[in-house]
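Visitor: Take a look and give me a structure for this.
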Amino acid sequence: MAAPQKGDLSASERKILQVIAAGDVQEATQLLASKEVRVNCLDEYGMTPLMHAAYKGKADMCRLLLQHGADVNCNQHEYGYTALMFAGLSGKTDITSMMLDAGAETDLMNSVGRTAAQMAAFVGQHDCVTYYTRPQGLDREPKLPQSLAGPLHKIIMTTNLNPVKIVMLVKENPVLVDVAALEKCYQVMDLLCEQCVKQQDMNEVLAMKMHYISCVFQKCLAFLQKQDDKLDALVKSLLRGRDSDGFPQYQEKFIRDCIRRFPYCEATLLQQLVRSITPVEIGNDPTAFSVLTQALTGQMAFVDADYCATCGERGANKRCSLCKAVTYCSLTCQKLHWFTHKKMCRSLQEQSVGLDKDTPRLKELKGGHLYFCSTLMYSMYLWVLLFGCPSELLASASTSAEGPSCTQD
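Guide: Got it, this is the predicted structure:
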């Protein structure tokens, strides 16, 4: 049988990728029994079903695929990611162990020179957090109460760097929604950042992530001190889109400021981020969020699902019932976003209809016009992958305070 080619998927192979995302092991078993499904087939990014299952944290699915002969060391991904690397990004130690037991190579590097172990450092900081729950040296008290270790580690583990998501994780834990608690948490994050920079093998990437989370904690702290006791005002500030196109300007400025405040000016990563972001006018691509996400996690190119327009969570499968263009991961996120989306929903709905009518004309374009349009569409495609839909197409109706209901894809 010929080696699988990127994007060369049968209908059943496309189906199994959807089944993996849903976690339906029984249906996956039935599909794998079909001759139409190659266990090592490749999607357009070079991801195998095993990579999808590992990245989405589906342990039972990974086990099933390995039993059917999935290649744990396939490295056809366009940026060199392996199943072990995806397992590390998922933060699931059982899946990581499963890949290692299946013979995963640990010294393979992705396109930015990181091994699976280096990538897993993003989600393996439990021991570092626990260290600060015990008094050190001459300290009489630990820098971090034991009650905060679990919630803090959960936030460190996240690969979703959207500031709204991090604030929502803070809100989920009442022990964190406290001035004293947030002060301790951001101070520990600053210590972890310093540790990453000053260790023998300096880890600029992890240091930047620790610093970024610290900045989000400090912003939460500032809003708590302004009597925003539930951090609702902060969430709205981060989501509010400008009137002209719905672009979340406050969020963009906040992320840029976080990067600018990184205390180690000599860091190569900081200089690269600044060079990438500084020339870009606010509202244009690439956004600070997309640049930061790509630099810290490398997730820009291999995402295969819609993103929640509110929290940036991967795999959002609910859509605004009016415009059908903006995706959400839950009804809660849809309600949170409605106050700003309602300004744009109607025009987005109208523009979507117009785009549908004009689509066939693209087939007749040639030369420079075709190149321009294809480049523009690709830029919009990257935005959709990161945020759910292009912000300049956002627009709406409905006078309901909570907005329209979501529809399931």
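Visitor: which residues does the residue nearest to residue 9 when sequence neighbours are not counted contact?
Guide: In space, and not counting its chain neighbours, residue 9 is closest to residue 41: 5.8 Å by C-beta to C-beta, 6 or more residues apart in numbering. Using the backbone N, CA and C atoms, a C-beta is placed for each residue, glycine as well. Going by C-beta atoms under 8 Å, 6 or more residues apart in numbering, residue 41 touches 4, 8, 9, 10, 13, 48, 49.
Visitor: Please apply the same query to residue 296.
Guide: 122, 161, 205, 208, 209, 212.
Visitor: ok, so of those, who is nearest residue 329?
Guide: The closest of the contacts of residue 296 to residue 329 turns out to be residue 161 (C-beta to C-beta; 15.5 Å).
Visitor: The closest one - that's part of a helix, no?
Guide: No. Assessed with DSSP: H, G, I helix; E, B strand; the rest coil, residue 161 is coil; it does not lie in a helix.
Visitor: which secondary element of the protein has the worst mean pLDDT?
Guide: Lowest mean confidence among the helices and strands of the chain (mean pLDDT, DSSP states H and E): helix 367-387, at a mean of 39.
Visitor: how about low-confidence regions in this protein?
Guide: Within the chain, the ranges that satisfy pLDDT under 70 run 1-2, 91, 111-128, 298-305, 352-409.
Visitor: which residue ranges form the strands in it?
Guide: Applying DSSP state E to the chain gives strands spanning 318-320, 327-328, 406-408.
Visitor: about what we covered before: compare the contacts of residue 41 and tell me which is most surrounded.
Guide: Using other C-beta atoms under 10 Å as the neighbour criterion, residue 49 leads these with 29 neighbours.
Visitor: Tell me who's in contact with it.
Guide: 16, 17, 20, 39, 40, 41, 65, 70.
Visitor: hmm, 7 Å instead?
Guide: 16, 17, 20, 39, 41, 65, 70 (C-beta atoms under 7 Å, 6 or more residues apart in numbering).
Visitor: Just the CA atoms of stretch 190-199, as PDB, please.
Guide: Presented in PDB, the C-alpha positions along stretch 190-199 are these (Å, rounded to 0.1, in the frame of the first residue of the first chain):
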ATOM      1  CA  ASP A 190       7.800  36.000  38.900                       C
ATOM      2  CA  LEU A 191      10.100  33.700  40.800                       C
ATOM      3  CA  LEU A 192       9.500  30.800  38.300                       C
ATOM      4  CA  CYS A 193      10.200  33.300  35.500                       C
ATOM      5  CA  GLU A 194      13.500  34.300  37.100                       C
ATOM      6  CA  GLN A 195      14.400  30.600  37.700                       C
ATOM      7  CA  CYS A 196      13.800  29.800  34.000                       C
ATOM      8  CA  VAL A 197      16.100  32.600  32.900                       C
ATOM      9  CA  LYS A 198      18.900  32.000  35.400                       C
ATOM     10  CA  GLN A 199      19.100  28.200  35.200                       C
END
